[in-house]
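Engineer: This is a predicted model, with the sequence first.
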2 protein chains.
Amino acid sequence: MPDVRERSQGGGPSGSRPTVDDVAAAAGVSRATAARVLGDYGRVGQATASRVRQHAEALGYTPNRLAQGMAAGRTQTLGFVSADMQNPFFGQSMRGFTDVARGQGYDVIIANSEEEPQLERRAVQTLLERRVDGMLVAPTELRQARHLEDAVASGVPIVLADRSVRGLAADCVLIDNVGAARDAVAHLIERGHERIGVATTHLTGLDLVSELDEAALDSWHAPTTVSRAVGYVQALRAAGLPVVPELIALAPYRRPDAYAAVRAMLALPEPPTAVLAVDDLLTLAAFEAVQDSGLRFPGECTVLGFDDLDWTTIVRPRLTVVAQPAYDIGATAARRLLARIDGDTSPAQTLLLDTKLVERESTAARRPRPRQARATTGAEPA
Amino acid sequence: MPDVRERSQGGGPSGSRPTVDDVAAAAGVSRATAARVLGDYGRVGQATASRVRQHAEALGYTPNRLAQGMAAGRTQTLGFVSADMQNPFFGQSMRGFTDVARGQGYDVIIANSEEEPQLERRAVQTLLERRVDGMLVAPTELRQARHLEDAVASGVPIVLADRSVRGLAADCVLIDNVGAARDAVAHLIERGHERIGVATTHLTGLDLVSELDEAALDSWHAPTTVSRAVGYVQALRAAGLPVVPELIALAPYRRPDAYAAVRAMLALPEPPTAVLAVDDLLTLAAFEAVQDSGLRFPGECTVLGFDDLDWTTIVRPRLTVVAQPAYDIGATAARRLLARIDGDTSPAQTLLLDTKLVERESTAARRPRPRQARATTGAEPA
DNA sequence: ACACTGTGAGAGACCGCTCTCTCAATTGCC
DNA sequence: GGCAATTGAGAGAGCGGTCTCTCACAGTGT
């Protein structure tokens, strides 16, 4: 029977934690045997095993994951690189990811890139140095990513989330951004809206409406806000409505800028009767802009947002939003990663998750006829 | 001159990354020398150093942090255990923490406890196994925490954040919750409010107002919502105002419950003219409740919240809130930790950071006299 | 009685680094 | 010019595990 407080006795200085050797010595077995018991591998007799365990307990043995990782060649650790952990979307994805990972005995190291390619590269590099068994990346650069290609080439499983990188042979989990925005706009059109604005972000080199078509060709590898703007255009076209450049509020991705852009749009002689905001920050800005514009909300102008955040239900009218399965994106990505780690060598696959249009008061009422008569805007196509 | 694409040549299978030995062999030096260059320690000649670096580059050498950690005895890693990474407060703290850590060459492993003692213990254990050089913990159990005591005893620097554990010899960084709430209520009283409600959470075993006094004695080791409730009581007493049990909305920590509790309070024959909500979730609930109550907002009843979140400025009137220096809490905690790691052995210290009352429209106007006459409630003390 | 199999446990080779020791070579100084 | 001091580089011992090999020892079948 081992002493209950063996730890205060022999061994090393109080600073150094007991090792397998210490436990082995205390239990009177070889290091190999103690390691087998503690590491839960190999064959060990019942009696010996429980004796080792008792002594380990008494000594306060804590396995050293570094050593385990070194020796075993795997670390039971996954990496998670996202743009911004403060963003609720990533917060939820992270949650889904860690839940699944932890369920399989994996820990997660989190790093964020702040949407900076530089930081993303450092984060990925660091995770590689830590020898994670796989990692999720919400990539910042979508057209090329040498660091990710190198990582994939080196054999570390990688799964992309939320965004996809062109030509990268890695699994990818995201939503159909184009489709989600298209459906949202279709919903507005159904409600009688014909003059619909959109709040999106500046697209580098793609600022003009005409170029959205080009973006459409490659919309999976475009920032989510751009893909969604593409969906907006497609929905209008499908309904035979004109795409009006003034109704596209383009601004740098900051709340004041987005606010100003929407305010400007609402000050047009003929303002939109609804605004689609393509992500949470833009929804915040658009909501505030409409509220401050003097237009009756939702009577004269309403908002349809992205991301189902807390505050969208405390405002009146409650906001209709496109809800993303953030948690599921993380969870699915984790499952994909674990499958790869387990040896799945099938070709890289892209998983599209469904969004949900959460209908609330802001779009509940059918729109009245436009307040002012307008020249016919092109004959509707058959 | 080393070949630019040395990596495709000899060495190991493509899966195994090159090691110092590989680099050393390529550069024609001993392992020790290559390690010195790559690990940036010891003395090495200029020429040799750059030759090694060239070959390392060409081979695509990636240091193995596990091995480094093993050999060096420190991992250049800090741990961060918080209740809920989705909460903006922790998100910001985390940001402050990682910014400071990264600045000193440390990476951060994040774990969250979901406010579950069980999970917290696991998280701490895991970080210990990973041999972090120090960790921040936002503790869940405030009265006792064996696992933290053990960790402290084993010599790993620990810093508590946001909450303090009674009797634990560890540095602690938090705000003066009692004072912050007291000041907030004082601000309301200054504005002419005399009937002030508070939305807080169920206190296990401390549900009665009279017992808040007891909590006050130990308020640093109480949940933040409780400490703030104590501050509320103190402010009322200091102003000679009665503490009315019906004006203390106590509910489980969930939005619907908090909402219901505040609604009930507002339905009293004589409802409060202002409600202090002691954290972000409660602020959300209180705001919604007041808005739905039928009382004019802020004319008849207003809200003063905690935590300066995005949405508090999009609602009208904009909300006056107590802003916490969340980022600074994380940053300060990280600095404290790094100091300890550097050998600071001074006694454990508790750092109190300042909160800021952000005055906005919701409390801008001076209150009109109460709508209905009321019996004098006790003579004011001199 | 003898080789045959299965099982428990020890030996020892790594894993990829850091760091101390040691030693040869270069430099400085009187 | 001889000797100590400085500098560059190699050897080798860990760090704390995993895992393969090997071997002693029972329990079988013939």
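Structural biologist: Nice, I can see it. Numbering: from 1, shown residues only, chains lettered A, B, ... in the order given.
Engineer: Around chain B, pick out the residues from the stretch 201-350 of chain A.
Structural biologist: By C-beta under 8 Å from any C-beta of the partner chain, the residues of the stretch 201-350 of chain A that approach chain B are A:R255, A:L284, A:F287, A:E288, A:Q291, A:D310, A:W311, A:T313, A:I314, A:V315, A:R316. All C-beta atoms are positioned from the backbone trio N, CA, C, and that covers glycine.
Engineer: Mark which of these are buried, thanks.
Structural biologist: Neighbour-count burial (16 or more other C-beta atoms under 10 Å in any protein chain shown) is assigned, among those, to A:R255, A:L284, A:F287, A:E288, A:Q291, A:W311, A:T313, A:I314, A:V315.
Engineer: Now render those as a markdown table, adding distance to A:D171, secondary structure and pLDDT.
Structural biologist: Compiled in a markdown table, those are given as follows (distance: C-beta to C-beta, whole Å; DSSP: H, G, I helix; E, B strand; the rest coil; pLDDT from 0 to 100):
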| residue | distance to A:D171 | secondary structure | pLDDT |
| --- | --- | --- | --- |
| A:R255 | 34 | helix | 94 |
| A:L284 | 32 | helix | 96 |
| A:F287 | 35 | helix | 96 |
| A:E288 | 38 | helix | 95 |
| A:Q291 | 42 | helix | 93 |
| A:W311 | 33 | helix | 94 |
| A:T313 | 34 | helix | 94 |
| A:I314 | 37 | coil | 91 |
| A:V315 | 38 | coil | 90 |
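Engineer: between the residues of the stretch 201-350 of chain A next to chain B, which is closest to DNA strand D?
Structural biologist: The closest of those to DNA strand D turns out to be A:D310 (C-beta to the nearest atom of the strand; 43.6 Å).
Engineer: Look up phi and psi at the closest one.
Structural biologist: As for A:D310, its main-chain torsions (degrees, to the nearest 10) stand at phi -50, psi -50.
Engineer: for A:G79, same thing?
Structural biologist: Phi and psi for A:G79, reported as degrees, to the nearest 10, are phi -110, psi 150.
Engineer: now A:E194
Structural biologist: According to degrees, to the nearest 10, A:E194 has phi -120, psi -20.
Engineer: Next: A:T350.
Structural biologist: Phi and psi for A:T350, reported as degrees, to the nearest 10, are phi -110, psi 120.
Engineer: Show me what it is bridged to.
Structural biologist: A:C172 (DSSP bridges).
Engineer: ok, now which ones touch the residue lying closest to A:E149 once chain neighbours are set aside?
Structural biologist: Leaving aside its chain neighbours, A:E149 sits nearest to A:L168 (6.4 Å; criterion: C-beta to C-beta, 6 or more residues apart in numbering or on different chains). Going by C-beta atoms under 8 Å, 6 or more residues apart in numbering or on different chains, A:L168 touches A:A145, A:L148, A:E149, A:V152, A:L160, A:A348.
Engineer: Can you give me the neighbour number for the third one?
Structural biologist: It refers to A:E149. A:E149 sits with 16 neighbouring residues when counted by other C-beta atoms under 10 Å in any protein chain shown.
Engineer: Next: the fifth one.
Structural biologist: A:L160 has 24 neighbouring residues, counting by other C-beta under 10 Å.
Engineer: got the buried residues for stretch A:192-206?
Structural biologist: A:H193, A:E194, A:R195, A:I196, A:G197, A:V198, A:A199, A:T200, A:T201, A:H202, A:L203, A:L206.
Engineer: Next: stretch A:112-130.
Structural biologist: Buried residues in stretch A:112-130 (16+ other C-beta under 10 Å): A:112-113, A:119-130.
Engineer: Using a markdown table, lay out the contacts of A:L168 together with pLDDT, distance to DNA strand C and secondary structure.
Structural biologist: Listed next are the contacts of A:L168 as a markdown table, based on pLDDT from 0 to 100; distance: C-beta to the nearest atom of the strand, whole Å; DSSP: H, G, I helix; E, B strand; the rest coil:
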| residue | pLDDT | distance to DNA strand C | secondary structure |
| --- | --- | --- | --- |
| A:A145 | 87 | 24 | coil |
| A:L148 | 95 | 21 | helix |
| A:E149 | 93 | 21 | helix |
| A:V152 | 92 | 19 | helix |
| A:L160 | 97 | 27 | strand |
| A:A348 | 96 | 26 | coil |
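Engineer: where does the stretch 51-200 of chain A dip in pLDDT?
Structural biologist: Nowhere does the stretch 51-200 of chain A drop to pLDDT under 70.
Engineer: Tell me the secondary structure at A:D22.
Structural biologist: helix (DSSP: H, G, I helix; E, B strand; the rest coil).
Engineer: related to what we said a few turns ago, as JSON lines, the residues of the stretch 201-350 of chain A next to chain B with distance to A:T363 would be great.
Structural biologist: Below are these laid out as JSON lines (distance: C-beta to C-beta, whole Å):
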{"residue": "A:R255", "distance to A:T363": "23"}
{"residue": "A:L284", "distance to A:T363": "18"}
{"residue": "A:F287", "distance to A:T363": "13"}
{"residue": "A:E288", "distance to A:T363": "18"}
{"residue": "A:Q291", "distance to A:T363": "16"}
{"residue": "A:D310", "distance to A:T363": "19"}
{"residue": "A:W311", "distance to A:T363": "17"}
{"residue": "A:T313", "distance to A:T363": "14"}
{"residue": "A:I314", "distance to A:T363": "17"}
{"residue": "A:V315", "distance to A:T363": "14"}
{"residue": "A:R316", "distance to A:T363": "14"}
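Engineer: just curious, which of those is nearest to DNA strand C?
Structural biologist: A:R255 (44.1 Å).
Engineer: Hmm, A:D84 and A:A138 touching each other?
Structural biologist: No - shown here, A:A138 and A:D84 do not form a contact pair, counting by C-beta atoms under 8 Å, at 9.1 Å.
Engineer: Report the set of residues contacting both of these two.
Structural biologist: By C-beta under 8 Å, 6+ apart, A:A138 and A:D84 have these common neighbours: A:F90.
Engineer: the more surrounded of those two?
Structural biologist: Set A:A138 next to A:D84 and count neighbours by other C-beta under 10 Å: A:A138 wins out with 26 against 16.
Engineer: now that one: how far from chain B?
Structural biologist: 15 Å (C-beta to the nearest C-beta, to the nearest Å).
Engineer: swap in A:P298?
Structural biologist: When distance is defined by C-beta to the nearest C-beta, A:P298 is 15 Å away from chain B.
Engineer: for A:L250, same thing?
Structural biologist: 21 Å.
Engineer: is it fair to say that residue lies in a strand?
Structural biologist: Yes - under three-state DSSP, A:L250 sits within a strand.
Engineer: who does it bridge with?
Structural biologist: A:T200.
Engineer: pretty sure it contacts A:V198?
Structural biologist: No - the criterion here is C-beta under 8 Å, and A:L250 misses it with A:V198 at 9.2 Å.
Engineer: Show residues contacting stretch A:173-184.
Structural biologist: Here stretch A:173-184 makes contact (C-beta under 8 Å, 6+ apart) with A:159-164, A:216, A:219-220, A:224, A:227-232, A:234-235, A:238, A:276, A:278, A:304, A:306, A:322, A:324-325, A:329, A:332-333, A:336, A:350-355, A:357.
Engineer: Restricted to buried residues, select those residues in ChimeraX.
Structural biologist: Command for ChimeraX, covering only those of the contacts of stretch A:173-184 found buried under the criterion 16+ other C-beta under 10 Å:
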select /A:159,160,161,162,163,164,216,219,220,224,227,228,229,230,231,232,234,235,276,278,304,306,322,324,325,329,332,333,336,351,355,357
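Engineer: Let me know the secondary structure of A:P317.
Structural biologist: What three-state DSSP gives for A:P317 is coil.
Engineer: before we move on, the earlier item: out of the buried ones among the residues of the stretch 201-350 of chain A next to chain B, just show me the ones up against DNA strand C, please.
Structural biologist: Filtering those for proximity to DNA strand C by C-beta under 7 Å from any atom of the strand leaves nothing.
Engineer: Tabulate these (JSON lines), appending distance to A:G45.
Structural biologist: Below are those laid out as JSON lines (distance: C-beta to C-beta, whole Å):
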{"residue": "A:R255", "distance to A:G45": "66"}
{"residue": "A:L284", "distance to A:G45": "64"}
{"residue": "A:F287", "distance to A:G45": "68"}
{"residue": "A:E288", "distance to A:G45": "70"}
{"residue": "A:Q291", "distance to A:G45": "73"}
{"residue": "A:W311", "distance to A:G45": "61"}
{"residue": "A:T313", "distance to A:G45": "61"}
{"residue": "A:I314", "distance to A:G45": "63"}
{"residue": "A:V315", "distance to A:G45": "67"}
